[in-house]
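*Asks:* Just to be clear, the model below is a prediction. Sequence and coordinates:
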Amino acid sequence: MRKPRNPTPAQQRALAQRLGAALQRDVPLAARTSFRIGGPAAYYVEAKTPEALAVAVRAARALDIDYFLLGRGANILIGDRGYAGLVIANHASDIRVHGTCVTAASGVLVYPDLIDTAVGRGLSGLEHYVGIPSTVGGALWQNLHFLSPAPERERTMFIGEVLESAELLTADNQRKRVDADYFEFGYDQSVLHSRDDIVLSATFELEPAPAETLLRIMDENLRWRADRHPPLDSEPSAGSIFRKIEGIGAGRLIDECGLKGMSCGDAQISPRHANIIVNHGNASAADVCALIMHAQQCVQARTGYWLTPEISFIGEFAPVTRLPADVRQPASTGPDQAATLN
Ligand SMILES: NC(=O)C1=CN([C@@H]2O[C@H](COP(=O)(O)OP(=O)(O)OC[C@H]3O[C@@H](n4cnc5c(N)ncnc54)[C@H](OP(=O)(O)O)[C@@H]3O)[C@@H](O)[C@H]2O)C=CC1
Ligand SMILES: C=C(O[C@H]1[C@H](O)[C@@H](CO)O[C@H](OP(=O)(O)OP(=O)(O)OC[C@H]2O[C@@H](n3ccc(=O)[nH]c3=O)[C@H](O)[C@@H]2O)[C@@H]1NC(C)=O)C(=O)O
């Protein structure tokens, strides 16, 4: 991602005029991410409806101001120097049920809000994604996934399977309804990665199911996650750091290199799951980058595989100044190390 530019004084005035009192300055972002890491947003606005989201995105585009759309902040690492442009936080939270369909604004939290609403009406299709932090928009961006129910767990299920349609703000600022095929969903993949479309809302087509079946699946999936992943509330993270390597496992490769438990400052490769880096309090983005680069280098040297980050790197990154505990050579000295990780 290009380093965001500081808006000029003229752009700043025009933005303030368009967004009014909703526009805030120098807003800390760390607490707005699941990693609890990152510097401030120079400009920040919270969109509480899909209409307000469209207004903010259109304003940034019209004024040629760099912007970033922040969902739950669960799949990103924000640089220690923050984001120089406009961060648009998606808090659009409306949910409507009509028959077996549920329509949610893109800022709705998949868990608990969307899942609880669907399950409360006895509707099946979303309960698999219990415990995973994501807004509806983020879920479509990455095609949110989890294993099919126990005991078989024979395949990965994707949220795209139950998507009926979505309303977008397209790259040319049109509001448009599209069906699920439009998204060209894959594993961790959708058309949103390559197009500038913004999801405003989504409609899911679900199926009636007995409450006890839905509650059993949710309970089993929460236990599956609790057994394998560090708990998000006490050990903040961004979930899997590296992309899946089919049939091999990014986590397994890091584990085989003996890197579990390795620390850099307060950042640590989780002793529980090697593909997750946790923040024990005051980890910086630079600390996380140092661990990422170290894992990439170790895994490549030992196995020949190159680990590609799954998370997005947002904003401006400070140089790596601290190194993982047992690394003797500097991993990087430049400010743009995030660009070298991909
Ligand atoms: N399976 C698991 O266990 C876990 C999965 N995750 C995944 O991480 C993601 C977390 O979502 P969330 O926290 O909400 O997202 P984030 O705030 O982390 O943003 C991630 C990206 O999603 C895109 N995005 C967010 N909202 C929208 C929208 N309304 N329209 C278009 N693009 C959007 C943005 O892309 P852009 O910059 O291109 O606009 C952004 O870069 C989910 O996809 C989830 O599947 C996370 C943790 C664990
Ligand atoms: C956590 C995420 O998604 C998760 C998703 O929740 C679950 C369930 O569907 O499947 C994937 O985890 P995963 O644990 O199977 O992924 P990997 O990190 O590639 O591990 C693969 C395999 O390696 C082994 N493994 C993993 C960690 C470890 O420390 N040691 C080890 O040996 C395990 O057997 C594991 O099953 C997703 N991760 C990726 C990178 O695809 C996320 O996207 O943030």
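*Replies:* Perfect, I can see it now. Ligands and ions are numbered 1, 2, ... in the order given.

*Asks:* pretty sure Ala238 belongs to a strand, no?
*Replies:* Yes. Ala238: assigned to a strand according to DSSP: H, G, I helix; E, B strand; the rest coil.

*Asks:* Just the pLDDT for it.
*Replies:* Per-residue pLDDT puts Ala238 at 98.

*Asks:* What spatial separation is found between it and ligand 1?
*Replies:* Taking C-beta to the nearest ligand atom, to the nearest Å as the measure, Ala238 falls 6 Å from ligand 1. Where C-beta positions appear, they are placed from N, C-alpha and C, glycine not excepted.

*Asks:* now Ala42
*Replies:* Where ligand 1 is concerned, Ala42 sits at a distance of 17 Å (C-beta to the nearest ligand atom).

*Asks:* host element of that residue?
*Replies:* Applying DSSP states H and E as the criterion places Ala42 in strand 40-47.

*Asks:* Which residue ranges of the stretch 51-200 of the chain form helices?
*Replies:* 115-120, 136-142 (DSSP state H, counting those that start in this stretch).

*Asks:* Quick one: residues in contact with the shortest one.
*Replies:* I take that to be helix 115-120. 95, 97, 102, 124-127, 129-130, 204, 206, 211, 214-215, 218 (C-beta atoms under 8 Å, 6 or more residues apart in numbering).

*Asks:* now, among the residues you listed, which is nearest to His193?
*Replies:* Nearest to His193 among the contacts of helix 115-120: Tyr129, at 19.4 Å, using C-beta to C-beta.

*Asks:* Quick one, grab the pLDDT at that closest one.
*Replies:* Tyr129 is given a pLDDT of 98.

*Asks:* thought it was touching Asn143?
*Replies:* No. Checked against C-beta atoms under 8 Å, the pair Tyr129 and Asn143 is beyond contact range at 10.9 Å.

*Asks:* what is in contact with the two at once?
*Replies:* Joint contacts of Tyr129 and Asn143 (C-beta under 8 Å, 6+ apart) are Ile159.

*Asks:* near ligand 1, which residues of the stretch 151-300 of the chain?
*Replies:* 192, 198-199, 239 (C-beta under 6 Å from any ligand atom).

*Asks:* returning to what we had before: in CSV: the helices of the stretch 51-200 of the chain, plus mean neighbour count and distance to Leu232.
*Replies:* Below are the helices of the stretch 51-200 of the chain laid out as CSV (neighbours: other C-beta atoms under 10 Å; distance: least, C-beta to C-beta, whole Å):
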stretch, mean neighbour count, distance to Leu232
helix 115-120, 19, 16
helix 136-142, 27, 15
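
*Asks:* Please name the residues that touch Thr303.
*Replies:* Per C-beta under 8 Å, 6+ apart, neighbours of Thr303: 253, 256-257.

*Asks:* For Val57, state which of those is nearest.
*Replies:* Using C-beta to C-beta, the contacts of Thr303 come closest to Val57 at Leu253, 38.4 Å.

*Asks:* Name the nearest residue to the closest one, sequence neighbours excluded.
*Replies:* Val299 (4.8 Å; C-beta to C-beta, 6 or more residues apart in numbering).

*Asks:* Also Asp66?
*Replies:* That would be Gly85: by C-beta to C-beta, 6+ apart, it lies 3.3 Å from Asp66.

*Asks:* if we can go back for a sec, keep only those of the residues of the stretch 151-300 of the chain next to ligand 1 that are in strands.
*Replies:* 198-199, 239 (DSSP state E).

*Asks:* could you redo the residues you listed as CSV and give each row distance to ligand 2 and neighbour count?
*Replies:* CSV is the format used below for these (distance: C-beta to the nearest ligand atom, whole Å; neighbours: other C-beta atoms under 10 Å):
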residue, distance to ligand 2, neighbour count
Ile198, 22, 25
Val199, 18, 28
Gly239, 2, 20
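
*Asks:* quick one: which of the residues you listed is nearest Arg72?
*Replies:* Using C-beta to C-beta, these come closest to Arg72 at Gly239, 10.8 Å.

*Asks:* Looks like that closest one contacts Asn75 (just checking).
*Replies:* Yes. Contact criterion C-beta under 8 Å: Gly239 and Asn75 qualify, at 6.5 Å.

*Asks:* Could you pull up phi and psi at Pro309?
*Replies:* The phi/psi pair for Pro309 (degrees, to the nearest 10) reads phi -60, psi 140.

*Asks:* roughly how far apart are the residue most central in space within the chain and Ser106?
*Replies:* By C-alpha atoms, centre = their mean, the chain has its centre lying nearest to Asn75, at 2.6 Å. From Asn75 over to Ser106 the distance is 15 Å, taken as C-beta to C-beta, to the nearest Å.

*Asks:* can you check Gln174 too?
*Replies:* Distance of Gln174 to Ser106, computed by C-beta to C-beta: 16 Å.

*Asks:* of these two, who's got more company?
*Replies:* More neighbours surround Ser106 than the other of Gln174 and Ser106, with 28 against 9 (other C-beta atoms under 10 Å).
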